[in-house]
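J.: sequence and computational prediction follow.
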Amino acid sequence: IYDYTRSDNPTREVLENLFTHVEKGAGCVCTHTGIACVSLLFETVLKANSHILVEADCYGGTFRLLKIFKEKYNVTVHFANFLDFEMLEHILATNNIDLVLCESPTNPGEVVANLSHKYNALFAVDNSLATFISQRPLDLGADFSLFSTTKYISGHGSVVAGAIVAATKELSEQIHYYAN
């Protein structure tokens, strides 16, 4: 039963089910933009005084959003070169990292996922550029796979939306809760 379209509606449910299926995830939430998807991830996972590890060359919108979370919630942002595995492990080992966010196709595969989980951090991949056609982050150990559908999924920028797919039922329930 669809009682409030912000919570759920049949059209969006079909799209979310498609993303869940192709990513082999447990659930998906579609948002009105790609950066809204990143914001939903941060709102779901981060809390006051959290630590997040992000690629040094992250998307400008993500950088601005991190600045807001730093100012409003005292979130500590650690930037790193994700191809420097020693640096990544050092940051993860010496800080209480809650979330690791990388953007593909610079994701070096399972190494970052394994390091993240070794130190009990969730791992999310912005898969906007690679899309699920060439890469499935959940299959590589990510907890979340994010998309700005405006880029390659739309094909020519005629759609403005975002999608976040969770690897587990628990994480899916959390993003659905915060999305509403």
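T.: Done, it's in. Numbering: from 1, shown residues only.
J.: and the helices in this structure, which stretches?
T.: 10-23, 34-45, 60-73, 85-94, 110-118, 131-134, 169-179 (DSSP state H).
J.: so which of the ones you listed comes closest to residue 162?
T.: Nearest to residue 162, of all these, is helix 34-45, at 3.1 Å by C-beta to C-beta. (Each C-beta comes from the backbone N, C-alpha and C, glycine too.)
J.: quick one: buried residues of that closest one?
T.: Buried residues in helix 34-45, counting neighbours by 16 or more other C-beta atoms under 10 Å, are found at 34, 35, 36, 37, 38, 39, 40, 41, 42, 44, 45.
J.: quick check, the last one in contact with residue 99.
T.: Right, residue 45. Yes - counting by C-beta atoms under 8 Å, residue 45 does reach residue 99; the two are 4.9 Å apart.
J.: who touches both of these two?
T.: 122, 124 (C-beta atoms under 8 Å, 6 or more residues apart in numbering).
J.: sorry, back to before: so of the helices of the chain, which one's packed in deepest?
T.: helix 34-45 (a mean of 22; mean count of other C-beta atoms under 10 Å).
J.: on that earlier part again, dump the helices of the chain to CSV, plus distance to residue 159 and mean pLDDT.
T.: Output for these, formatted as CSV (distance: least, C-beta to C-beta, whole Å; pLDDT from 0 to 100):
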stretch, distance to residue 159, mean pLDDT
helix 10-23, 10, 92
helix 34-45, 11, 95
helix 60-73, 17, 95
helix 85-94, 34, 96
helix 110-118, 29, 87
helix 131-134, 13, 71
helix 169-179, 19, 96
